[in-house]
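Below are the sequence and a predicted model; questions follow.
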Amino acid sequence: MEKLWTTMMRFAQRLTDRRGQGTVEYLGLVLAVGALLLAVSVQVKGGGAGIGGQISKSMEKAISSIAQP
């Protein structure tokens, strides 16, 4: 029982640890800027042909490959 308690306490400490928080915030910022650029490029080119359509298709493909097991 003591081992279980120790494991639970270590897990709780990991959840409250702030190391790496800056990296997560920068990643969120990069994703937000990327989404903004994607939206603007699709709007400018109409989404079908051109760079906007290529970026949109590439992003959809990348997200699909991550979501698939």
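It's in. Residues are numbered from 1 along each chain as shown.

Who are the packing partners of the longest helix seen in the chain?
Longest among the helix segments of the chain by residue count, using DSSP state H, is helix 21-45. On a contact count with 3 or more C-beta pairs under 8 Å, 6 or more residues apart in numbering; DSSP states H and E, helix 21-45 meets helix 50-67. In this view, the C-beta of every residue, glycine as well, is placed from N, C-alpha and C.

Please work out the angle formed by the directions of the helix it packs on and helix 21-45.
140 degrees (axes from the mean of the first three to the mean of the last three C-alpha atoms, to 10 degrees).

how about the CA coordinates for helix 50-67, as CSV?
C-alpha atoms of helix 50-67 as CSV (Å, rounded to 0.1, in the frame of the first residue of the first chain):
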residue,chain,number,x,y,z
GLY,A,50,-2.6,27.9,-55.8
ILE,A,51,-0.5,28.0,-52.7
GLY,A,52,-3.5,28.2,-50.4
GLY,A,53,-5.0,25.0,-51.6
GLN,A,54,-1.6,23.2,-51.4
ILE,A,55,-1.1,24.4,-47.8
SER,A,56,-4.6,23.4,-46.9
LYS,A,57,-4.2,19.9,-48.3
SER,A,58,-0.8,19.5,-46.7
MET,A,59,-2.1,20.5,-43.3
GLU,A,60,-5.1,18.1,-43.6
LYS,A,61,-2.8,15.3,-44.6
ALA,A,62,-0.5,16.0,-41.7
ILE,A,63,-3.3,16.1,-39.2
SER,A,64,-4.9,13.0,-40.6
SER,A,65,-1.6,11.1,-40.3
ILE,A,66,-1.3,12.1,-36.7
ALA,A,67,-4.9,11.2,-35.9
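
what's the burial count for Leu29?
Neighbour count of Leu29, defined by other C-beta atoms under 10 Å: 10.

Likewise for Val24?
Neighbouring residues of Val24 were enumerated by other C-beta under 10 Å; the total is 9.

One more: Met8?
Using other C-beta under 10 Å, Met8 has 10 neighbouring residues.

do the same with Gln13
For Gln13, the count of nearby residues is 9 (other C-beta under 10 Å).

same question, the one 3 residues further on
A count of neighbours around Thr16, defined by other C-beta under 10 Å, yields 6.
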